[in-house]
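Colleague: below is the sequence, then the predicted model.
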Amino acid sequence: MEKYVKSFANFAGMTKFIGEYRAKIDDKGRLVFPSAFKAVMDSSRPLTLVVKKDLFAPCLDIYTEEEWERQSEAVRSRLNSFNREHDAFWRGYMRNRATAVPDGKLGRISIPRQMLDDIGVEKEVVFAGNDYKIELWAREKYEASAIGSDEFTALAEKILG
């Protein structure tokens, strides 16, 4: 596994993922989960990850089980279960989720092939730390998603003023 950047942190019990790591899918469709990301997680509990398709980008979001519970509760708290639209939204929100547990020996994880196909993964992926979650991208799409410094500066001025 090739790494782009190696840095990570764990602040006040909340796992923060920073860095970009490349990996290849093996013949059985497994990926080696980056050891730098595994190192910042609570090792006193079995590691379970929740994987879902990102709402806006062609990537998968990977959360620790604890973070998934926090995120889901934040969404659920904004919904009224007696409202049909809210109920339909929640059902859609909970679809196409999977759990992944790194094996103890090599730290490999299995993600359903359909989820990988949905984001265009063929052989190489990038695990990209994004604060409280990890994004899993097809390498080519990740590289194509980068914005130039001028565009980033313009966005910063627009959003942060």
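Modeller: Good, I have the coordinates.

Colleague: buried set for stretch 94-108?
Modeller: Applying a neighbour-count criterion of 16 or more other CB atoms under 10 Å, one finds 98, 100, 102, 107, 108 buried in stretch 94-108. From N, CA and C alone the C-beta is placed, and that goes for glycine too.

Colleague: tell me which helix or strand of the chain sits lowest on mean pLDDT?
Modeller: In the chain, no helix or strand scores lower on mean pLDDT, DSSP states H and E than strand 3-6, which sits at a mean of 39.

Colleague: pLDDT score for the closest residue to residue 101 other than its chain neighbours?
Modeller: Excluding its sequence neighbours, the residue lying closest to residue 101 (CB to CB, 6 or more residues apart in numbering) is residue 48, at 5.5 Å. Per-residue pLDDT puts residue 48 at 91.

Colleague: correct me, but residue 48 touches residue 109?
Modeller: No - using CB atoms under 8 Å, residue 48 is not in contact with residue 109; the gap is 10.4 Å.

Colleague: more neighbours: which of the two?
Modeller: Taking neighbours as other CB atoms under 10 Å, residue 48 and residue 109 compare with residue 109 leading, 20 against 14.

Colleague: helix, strand or coil: sort out the more buried one for me.
Modeller: Judged by DSSP: H, G, I helix; E, B strand; the rest coil, the three-state class of residue 109 is strand.

Colleague: beta-bridge partners for it, please?
Modeller: Per DSSP bridges, the residues bridged to residue 109 are residue 31.

Colleague: which residues touch it?
Modeller: 30, 31, 32, 33, 49, 100, 101, 102, 103 (CB atoms under 8 Å, 6 or more residues apart in numbering).

Colleague: dump these to JSON lines, plus distance to residue 139.
Modeller: Below are those laid out as JSON lines (distance: CB to CB, whole Å):
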{"residue": "30", "distance to residue 139": "17"}
{"residue": "31", "distance to residue 139": "12"}
{"residue": "32", "distance to residue 139": "15"}
{"residue": "33", "distance to residue 139": "16"}
{"residue": "49", "distance to residue 139": "20"}
{"residue": "100", "distance to residue 139": "19"}
{"residue": "101", "distance to residue 139": "24"}
{"residue": "102", "distance to residue 139": "21"}
{"residue": "103", "distance to residue 139": "23"}
